[in-house]
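> Turn this into a structure:
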Amino acid sequence: MKTVGAIYAMTNHVGYTKWIGVNVKGKLFIYGNPSKMFGSEPWLITLGDNVHITTDVMFITHDGGTLLFRDKVPDLEITAPIIVKDNVYIGVRSIVLPGVTIGENSIIAAGSIVTKNVTPNSVMGGIPAKKIKSTEEYFNGIKSSSLHLGHLKGKYKDKALKEYFKYEKID
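Residues are numbered from 1 along each chain as shown. Sure, this is the predicted structure:
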């Protein structure tokens, strides 16, 4: 049986995110279930305006490896806030680690592990994430490849994509 929180997470992504304590400063777009995105200290995470977070992204605000050494240093703790500035896109299955700030107008490629601060206007990718190019270089590169269907939503976009790619259902 699902808990109220799990149901809330599935039905109101942004409301759930605020409810668990994430600091949301503007428009937030979450694609996927946020119930496992924000770890055990969600109040240490700040999200700016126009932030897009995709499926299976994880924000980890502490270093669990400290548990192995608590017999030597009982109060050992490594925990730090995560800040995501305005106009940021974080790709599928990316991980953002403790203490990271992601600068304005940045893109994190799918599957990246962000271990260090991201300078504004950067496209980052890899393990650990490294700068691939500026967001201006990225934008200039994708303009010529655009299908010009981004303004469409839902079934209208699906229909246009099926027409564009000449999709035929196989029985």
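> C-alpha from now on. contacts and neighbour counts both.
Fine.
> Now do the phi/psi pair for the closest residue to residue 6 other than its chain neighbours.
Closest residue to residue 6 apart from its sequence neighbours, by Cα to Cα, 6 or more residues apart in numbering: residue 35 at 6.5 Å. Main-chain torsions, residue 35, degrees, to the nearest 10: phi -60, psi -20.
> One more: residue 45?
phi -110, psi 130.
> What is the neighbour count of it?
Residue 45 has 24 neighbours, counted by other Cα atoms under 10 Å.
> what's across from it in the sheet?
When bridges are called by DSSP bridges, residue 45 pairs up with residue 82.
> tell me the pLDDT at it?
Listed pLDDT for residue 45 reads 98.
> That one and residue 82 touch, don't they?
Yes. When contacts are counted by Cα atoms under 8 Å, residue 45 is listed as touching residue 82 (4.9 Å).
> distance between the ends of stretch 30-49?
End-to-end distance for stretch 30-49: 13 Å, by Cα to Cα, to the nearest Å.
> For it, list every residue counted as buried.
Using 16 or more other Cα atoms under 10 Å as the burial criterion, the residues of stretch 30-49 that qualify are 30, 32-35, 37-39, 41-49.
> All the helices of the protein, residue numbers only.
Counting by DSSP state H, the segments of the chain that form helices are 4-11, 13-19, 135-143, 154-164.
> highest average neighbour count across the ones you listed?
Most buried of the helices of the chain by mean neighbour count (mean count of other Cα atoms under 10 Å) is helix 13-19; its value is a mean of 17.
> Return the list of helices and strands in contact with that helix.
helix 4-11, strand 28-30 (3 or more Cα pairs under 8 Å, 6 or more residues apart in numbering; DSSP states H and E).
> starting at the chain centroid, how far to stretch 90-106?
In terms of Cα atoms, centre = their mean, to the nearest Å, the centre of stretch 90-106 is set 6 Å apart from its chain centre.
> Only C-alpha atoms, please: export it in CSV.
The C-alpha trace of stretch 90-106 is given here as CSV (Å, rounded to 0.1, in the frame of the first residue of the first chain):
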residue,chain,number,x,y,z
ILE,A,90,19.5,18.2,-15.4
GLY,A,91,19.4,15.1,-17.6
VAL,A,92,18.1,11.6,-16.8
ARG,A,93,19.9,9.6,-14.1
SER,A,94,22.4,12.4,-13.2
ILE,A,95,23.7,12.6,-9.6
VAL,A,96,24.5,15.9,-7.9
LEU,A,97,26.8,15.5,-4.9
PRO,A,98,27.2,17.5,-1.6
GLY,A,99,28.3,21.1,-1.8
VAL,A,100,27.8,21.6,-5.5
THR,A,101,26.4,24.8,-7.0
ILE,A,102,25.1,24.6,-10.6
GLY,A,103,25.4,28.0,-12.2
GLU,A,104,22.7,29.8,-14.2
ASN,A,105,21.9,28.7,-17.8
SER,A,106,23.5,25.3,-17.5
